[in-house]
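Undergrad: need coordinates for the following:
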Amino acid sequence: MNKKQTILIISLAMMLLVVMSFSMTIGEFKMSPLAFFKTLFGFGDNMQTMILYEFRMPKMLVTILCGAALSLAGAILQSITKNPLADPGIVGINAGSGLFVVLLLLFIPADSNTFIYILPMASLLGGFITALFVFFLSYKHGEINPVRMILIGVGLSTAFSGLMLMITTTFRKEQVAFISEWLAGSIWGDTWPFVIVISICMLIVLPLVFYKATILNILNTHEHVSTGIGVHVAKERLILLILSVFLSASAVSICGAIGFIGLLAPHIAKGLVGPKHQTYLPISLLLGSILLSLSEVLGRVVLQPNGIPAGIIVSIIGAPYFLYLMKKAV
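TA: I've put the predicted structure just below:
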């Protein structure tokens, strides 16, 4: 780890702590920064302790972990496809996950106690099937065509969104309310069981991704180079694709259909420290957490008391950047 990377990681970690602290103190129940830190270390009153540890802390931890998962998923996708525009939301993976969530709701009521176990599995299945379909249709002359991939992903996202809307017309009121919040990117999984689920997912995948960092560097080069030094390209791409879909599907099953985090965070990280995965992946993880946490906080501050879903705030920030990158790529 070089000096620049160390300074950036410390700076971003401090920024994340500031965002986290601010998030903990705003809301209908006001809490001063001093009261927050006192409560955090066990010196708050009963009301402050309940508000912090039962409501605000789990939601913030879910937001931080989901932001990190989405940024890492985007970084993997961009490397294995050699496509700077790749993102789980843009290439249709999130929409595929969403479709399977809607199909699940046809048979099972929207209940967080039940969904903690089966929603990630349905989301993962939908995301993986969609990813394989997009990859298959994007192959042209033995390699993935970046523009073709984006167009297919956007087309599938539109088709799946229309299908989801058609299915939701048959839903009951509470089901429609749940899926509307989910599609808007509202962080609904805000209890400790969801923190445990996304934490386990990150603990499983993070070591594997960093272990594969050298492979990601090689896959980012020309296909002939990868094959020439003995890398089984198809096998490694499939393994890394599974890891990427696992991360994105786990995150969106808990925090809703949030796009652009996987596009923005890796691009900013590469611009700061360069394209080497061992260097920029830790920066990307922190940036993803900051972007989603900050969007969630801004959504609560801008329109009180109900707020704006974090997914909408992220889209407002990310859409212009995506159009800029699209203009450069075409």
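
Undergrad: kindly export stretch 156-171 (C-alpha atoms) in CSV.
TA: Output in CSV follows, covering the C-alpha atoms of stretch 156-171 (Å, rounded to 0.1, in the frame of the first residue of the first chain):
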residue,chain,number,x,y,z
LEU,A,156,-34.1,-5.9,-20.8
SER,A,157,-34.4,-3.5,-17.9
THR,A,158,-37.2,-1.7,-19.7
ALA,A,159,-39.0,-5.0,-20.6
PHE,A,160,-38.7,-6.3,-17.1
SER,A,161,-39.9,-3.0,-15.6
GLY,A,162,-43.0,-3.2,-17.8
LEU,A,163,-43.6,-6.8,-16.8
MET,A,164,-43.2,-5.9,-13.1
LEU,A,165,-45.8,-3.1,-13.5
MET,A,166,-48.2,-5.4,-15.2
ILE,A,167,-47.9,-8.0,-12.4
THR,A,168,-48.3,-5.4,-9.7
THR,A,169,-51.7,-4.5,-11.0
THR,A,170,-52.9,-7.8,-9.4
PHE,A,171,-51.3,-7.1,-6.0
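
Undergrad: centre of the chain to that stretch, how far?
TA: Once both centres are worked out by Cα atoms, centre = their mean, to the nearest Å, stretch 156-171 turns out to sit 21 Å from its chain's centre.

Undergrad: what is the mean pLDDT for it?
TA: Computed over stretch 156-171, the mean pLDDT rounds to 84.

Undergrad: can you list the buried residues in it?
TA: For stretch 156-171, the buried set under the neighbour-count rule, 16 or more other Cβ atoms under 10 Å, comprises L156, S157, F160, S161, M164, I167, T168, F171. C-betas here are computed from N, CA, C, even on glycine.

Undergrad: which residues does the helix or strand harbouring the second one contact?
TA: Mapping S157 onto the secondary structure by DSSP states H and E places it in helix 146-168. For helix 146-168, the external contacting residues (Cβ atoms under 8 Å, 6 or more residues apart in numbering) are 81-86, 89-96, 98-99, 102-103, 106, 130, 133-135, 137-138, 140, 175-176, 179, 183, 326, 329-330.

Undergrad: among the residues you listed, which lie within strands?
TA: Secondary structure from DSSP state E places K140 of the contacts of helix 146-168 in strands.

Undergrad: what about the contacts of helix 146-168, which are in helices?
TA: Of the contacts of helix 146-168, the ones assigned to helices by DSSP state H are 81, 93-96, 98-99, 102-103, 106, 130, 133-135, 137-138, 175-176, 179, 183, 326, 329.

Undergrad: still on that earlier bit, out of the contacts of helix 146-168, which are buried?
TA: Neighbour counting by 16+ other Cβ under 10 Å classes 81, 83-86, 89-96, 98-99, 102, 130, 134-135, 137-138, 175, 179, 183 among these as buried.

Undergrad: remind me which residues of the protein are low pLDDT?
TA: Along the chain, the model assigns pLDDT under 70 to residues 1, 109-117, 141-143, 304-306, 329-330.

Undergrad: quick one, strands of it?
TA: Per DSSP E, the chain has strands spanning 139-140, 143-144. These are given in chain order.

Undergrad: tell me the most buried of these?
TA: Neighbour counts (mean count of other Cβ atoms under 10 Å) averaged over each of those peak at strand 143-144, with a mean of 16.
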